[in-house]
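Colleague: Here is my input, please return the structure:
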Amino acid sequence: MFGHTKVRLETALIEKVRRYSEIAGYSSPEEFITHALEKELAKLEGAETEEEIRKRLQGLGYIS
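Modeller: Below is the predicted model of the structure:
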């Protein structure tokens, strides 16, 4: 179903992911991370140029 890709996360962040994914009822931290990424990517979908994507990322506070 899913491909496998390793991503390094800071220890404090992964601990938060583990804690909140359990509280929220996700079956695993991976499911929580997948859902969070899908939600963020949906905010960027529909952009037709790199400039539009940059503007949306700035609006979301990800880049300055």
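
Colleague: Within the helices and strands, which one has the residue most central in space within the chain?
Modeller: For the chain, Leu37 is the residue whose C-alpha lies nearest the centre (CA atoms, centre = their mean; 2.7 Å). If you go by DSSP states H and E, Leu37 is part of helix 29-44.

Colleague: what's the average pLDDT for that helix?
Modeller: Averaging pLDDT along helix 29-44 gives 91.

Colleague: Number of residues surrounding the residue nearest to Ile33 when sequence neighbours are not counted?
Modeller: Leaving aside its sequence neighbours, Ile33 sits nearest to Val17 (CB to CB, 6 or more residues apart in numbering; 6.2 Å). The C-beta positions use only the backbone N, C-alpha and C, and glycine is treated the same way. Counted with other CB atoms under 10 Å, residues neighbouring Val17 total 18.

Colleague: Check Ser28 too.
Modeller: Neighbours of Ser28 using other CB under 10 Å come to 12.

Colleague: so it sits right up against Val17, yeah?
Modeller: No: Ser28 is beyond contact range of Val17, at 9.9 Å (criterion: CB atoms under 8 Å).

Colleague: Surely Arg54 and Leu60 touch.
Modeller: No: contact criterion CB under 8 Å: Arg54 and Leu60 do not qualify, at 10.8 Å.

Colleague: All good on my end, thank you.
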